[in-house]
Each structure stands twice: as C-alpha cells, then as structure tokens.
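Novice: 3D, please:
(one chain, ligands or ions: 1)
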Amino acid sequence: MEYIVVNGQKVLKGRVSISGAKNSAVAILAASIASGGTCLIDNLPQIEDVTSMVAAMQAMGVKCEFTDTNTLRVNPTEMTSYTFDERLAKNMRASYYFMGALLGRYKQAEIPLPGGCDLGARPIDYHLKGFTALGAKCIQEHGFVKLQADKLKGANIYLDSPSVGATINIMMAAVFAEGVTLIENAAKEPHVVDVANFLNKLGAKIGGAGTATIRILGVPKLTGGDYTVLPDPIEAGTYMIAAAITGGDVTVENIIPKHMDSVTAKLKEMGCNITEGGDWIHVCGSEVLRSCEIKTAFYPGFPTDLQPQMATLLCKAQGTSTVTENVFDSRFRYVSELKRLGAQIKVEGRMAVTKGSCVFTGAEVAATDLRAGAALIIAGLCAKGETVIGELYHLDRGYERFEEKFRSLGADIKRIKRDE
Ligand code: EPU
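Specialist: Numbering: from 1, shown residues only. Got it, this is the predicted structure:
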C-alpha cells in the first residue's frame, strides 16, 4: 500500500504552476467522442480520472494517443461501442458525461451509474429529466442507464438547482437536437464555459454559458479541433490555502485569478496578504489568522471542493469559525480524520464549527475522498512531527504531481510503499 508521509512545520515558499482542471478535462474528453474528426486536447492533467476516461474511450473503439504527457489526440470516427466500462465507472463520477455525448451524437448510450467521491446522495435525476425533455427514452436497470432516441428535439429545460453535471450533460446532448434548447437555472462554473467553448470550437452553437440561461441551437454534426483545458481553480485554491496555513510566501501561476475571487476574499478576510496579476496570485500568510464564516455555494460562491481544505485552515485561526456546506448532503466525513491530528471541530447537520488556534500534531490518517485527502496533507504541512496519509487512490484521481509540487515549495513530503 502507498502512503504520503509529511514532516510538518516547513514554511512553503516559491512558485507553483497549476495544471489543467480535472472537472473540465473529464467533460471535454467525453465531449470529444461527439466530434466528427480529430481533436487535439492540450493541458490535460495527468491524473487517474483522465487515465480511466481514456481507457474507457479506447475500449469503445475511440483512437486516443498521447502526443506528450498532457496532450491527447482523439479520433472517435471508428467507434464500435456505446457503453462505458463498468469497472472504470465505479471509481469516477465523470462517466455520466458519456450519456449526453453518446445520446447526442449516436442517439444511444448504455452507461453504468456513476461512482466518485462519497459526498451523500448524488442523484442524476436532472440529467435524465433533461434527456427525456429532448425526446430520449431513459431506462434504469441492472445498474445501467439505457438511453435511446430516434431523434432529439430542442426543449426548454429548467434545473431545480444549478447542477454542474446536469448542465454539461444536457448541453452536450442538445448540441445535436433539432431547433433551440434553453437550459434555465444552469450552472455557471468555469468548467461549464470551458466545455461550451470546446464544443463551439467544433462547430456547436452554444450561447450564454457562464450565465443562468444557456441557449443551444442544434447542429447536425461537429468537426474536429484543437483545445486547451482551463487551469484548475480547485488545485490553485488548494495551494493558496496550503501557503496560508504554513505562513508561507507562494505565487500560484498559470491560473485565471477571477476564478479564485471567493477564495481570495476569504483569505484576505483572515488576514493573508494577497496580490494578483494577469495569470498569477501571490499569497503571503499571516502570523495571526482571523476566524471567518464559510458558506459553500454554486459559482461564483465559495466552492464545495475547497471546503475541507478551508475548514482545516480555519482550525488554525483565532476564535470560532463556521463552515456551512450547502451543495452536498454529507461532506464532513474527513472531520474524524482531522480530529486525529488535533483539530477541534464539531459537526452539526450541514455546519462545522472550529474552535481555532489548533496546533496540529502528526498521526496516521486516511483520505476519505479526494478533497479530504488534500485537507489532511494541508494539516500535515503545518503539524508537529510526522503525518502519514493513506487511501491515496482518492488523491491520485484529481491532483497532478501533488508531492512533487509541494516539494518544490519546500515541503518535506514523500510517498512510501509499505507491506501490509
Ligand atoms: N443534484 C441532484 N440531481 C441531479 C444532479 C445534482 O439533486 O440530477 C444535486 C446533487 O445531489 C448535489 C447538487 O445537486 O447536492 C450539486 O451537484 P452537481 O451536479 O453540481 O455536482 P456533480 O456534477 O455531481 C461536480 C464535480 C464535483 C463538484 C460539483 C459541484 C465533476 C466530475 N464533479 O459534481 O467535483 O463538487 O460538481 O461543483 O465535475 C471534486 O472535484 O472533488 C468533486 C466532487
């Protein structure tokens, strides 16, 4: 089994370059199978979710070839199957994007129900309602969703809440629906815009991505095209918080600072000194961190994917802070692990209350999900002594060269193998 070992209390200093966004990359890969030719997708992060997506696409008969570590050439024109490998789907959420992409382009799909991080109930009812409104038959049986349509027709689709997955999935199917589709109460996350930009590059006619109303005028087919995946705001936020917790001095590079506004605002409120330029943010930690309130929300609100990392930082701040999770039912499973490191934190329903001024002390802990793993590493970076983090497969799904990047900032962090 592999473990990450962190010897804490090293101040992070230097520059770190952010990789392509996981949640954009996986959706863009799925969208690429709807293209009518070759796509060259650049800035793909080298992470397990991307590896699994590419393996599943190859099993469908899609030609995939890495031209370098972060660039993939995809050609789906000789696809032979419209289903996603069941074993690969169990580990990831993004397999659901093949529903929209296959239904749109090939009018059929048979996709296993998705896996991914356990954050409470994660239904896909909005996705299926959207596909049905476009004219598809959706049947759920034996753990699979079977979708079929003779043709798709544009429709007005209202989402009960602005789900990222449902917005992207419905948008992908609607690209090929006759006439106009309106998605109302759509998600505004940067990766929704990224997927729309990619599809538009291939000839789709999508307007309004990034606002609450997305308008899609159906087209009969797409071409191939080249595209560069957006930088990862969650990876960037993870390093910003790590810089703050170690009282460090770190420049996070190759990002879109606007996407970080909610994180920047909260770190400033806590006392960090933050400056930004065209594609970088510089975080200078403060000796004294002030408490604050965090409420997760859909973009441009504070991202749920940085909630565990931020709660960890708040454990170090003076006084009591609160963290309210408004997106997922159950995103506090990491709290019991954080407590092993000394956190004083109590969860009541959707809210966690941190007591503050915590001195973390190293212990052996397990990543309960992807962002939980990042939070435990952040705690380990400022803990006294050695922190050992297990269940690394969660982390490997979503962070590229995590230990290497932290080492370049001066952290004492390594990966070890242990015989159990
Ligand atoms: N929801 C429904 N019905 C649906 C879809 C969503 O009730 O049909 C609810 C969910 O249960 C949840 C809320 O709506 O309470 C938001 O879910 P959303 O669909 O936006 O999330 P997702 O598509 O399942 C993606 C990311 C998550 C990220 C969320 C929110 C991918 C592959 N996953 O999940 O990423 O937390 O959006 O931004 O893009 C992560 O990277 O660590 C991660 C969990």
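
Novice: show me what contacts residue 272?
Specialist: For residue 272, the contact set (Cβ atoms under 8 Å, 6 or more residues apart in numbering) comprises 244, 283-286, 289. No exception for glycine: its C-beta is placed from N, CA and C like everyone else's.

Novice: Generate a PyMOL selection restricted to the buried subset of those residues.
Specialist: With 16 or more other Cβ atoms under 10 Å as the criterion, this PyMOL line picks the buried residues out of the contacts of residue 272:
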select buried, resi 244+283+284+285+289
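
Novice: Residue 222: how many residues sit nearby?
Specialist: As a burial measure, residue 222 scores 23 neighbours (other Cβ atoms under 10 Å).

Novice: Could you pull out the helices in the stretch 201-350 of the chain for me?
Specialist: 233-245, 261-269, 307-316, 335-340 (DSSP state H, counting those that start in this stretch).

Novice: Tell me the buried residues in the last one?
Specialist: Residues of helix 335-340 classed as buried: 335, 337-338, 340 (neighbour count, 16+ other Cβ under 10 Å).

Novice: Need the pLDDT of residue 405.
Specialist: Note on residue 405: pLDDT of 98.

Novice: my read is it is in a helix, agree?
Specialist: Yes: counting by DSSP: H, G, I helix; E, B strand; the rest coil, residue 405 is located in a helix.

Novice: Point out the residues in this protein that sit beside the ligand.
Specialist: 22-23, 26, 93-94, 117, 121-127, 161, 163-166, 187, 189, 304-305, 327-328, 370-371, 398 (Cβ under 6 Å from any ligand atom).

Novice: Now which of those residues would you call buried?
Specialist: Buried, going by 16+ other Cβ under 10 Å: 22-23, 26, 93-94, 117, 122, 124, 126-127, 163-166, 187, 189, 304-305, 327-328, 370-371, 398, out of these.

Novice: quick one: secondary structure of the residue of the stretch 151-300 of the chain found nearest the ligand?
Specialist: Here the residue of the stretch 151-300 of the chain nearest the ligand is residue 165; by Cβ to the nearest ligand atom that distance is 2.6 Å. Classification of residue 165 using three-state DSSP returns helix.

Novice: pretty sure it is touching residue 92, no?
Specialist: No: with contacts counted by Cβ atoms under 8 Å, residue 165 stays clear of residue 92, the gap being 11.9 Å.

Novice: Please point out which parts of stretch 56-68 sit buried.
Specialist: 56-57, 60, 62, 64.

Novice: And those residues, which is closest to residue 43?
Specialist: residue 64 (16.1 Å; Cβ to Cβ).

Novice: For the closest one, what are phi and psi?
Specialist: Torsion angles at residue 64 (phi, psi; degrees, to the nearest 10) stand at phi -130, psi 130.

Novice: can you check the one 4 residues further on too?
Specialist: With angles defined as degrees, to the nearest 10, residue 68 shows backbone torsions of phi -150, psi -180.

Novice: does it have beta-bridge partners, and which?
Specialist: residue 71 (DSSP bridges).

Novice: Tell me the confidence at it?
Specialist: Residue 68 is given a pLDDT of 97.

Novice: ditto for residue 86
Specialist: Residue 86 is given a pLDDT of 84.

Novice: again with the one 4 residues further on
Specialist: The predicted local confidence for residue 90 comes out at a pLDDT of 79.

Novice: Report how many residues lie close to it.
Specialist: There are 15 residues near residue 90, going by other Cβ under 10 Å.

Novice: Which residue is the nearest non-sequential neighbour of it?
Specialist: residue 115 (4.4 Å; Cβ to Cβ, 6 or more residues apart in numbering).

Novice: Might you report the residue contacts of the one you found?
Specialist: Taking Cβ under 8 Å, 6+ apart, one finds 89-93, 95 in contact with residue 115.

Novice: Nearest to residue 380 among those?
Specialist: residue 91 (24.5 Å).

Novice: quick one: that closest one and the ligand, what's the gap?
Specialist: The gap separating residue 91 from the ligand is 12 Å, by Cβ to the nearest ligand atom, to the nearest Å.

Novice: Just list the residues touching that residue, thanks.
Specialist: 48, 52, 115-116, 393, 397 are the contacts of residue 91 under Cβ under 8 Å, 6+ apart.

Novice: May I ask which of these comes out lowest in pLDDT?
Specialist: Among the contacts of residue 91, residue 116 carries the weakest pLDDT, at 74.

Novice: Mind pulling up the pLDDT for the residue nearest to it when sequence neighbours are not counted?
Specialist: Excluding the flanking residues, the one nearest residue 116 by Cβ to Cβ, 6+ apart is residue 93, at 3.0 Å. The per-residue pLDDT reported for residue 93 equals 87.

Novice: No further questions, thank you.
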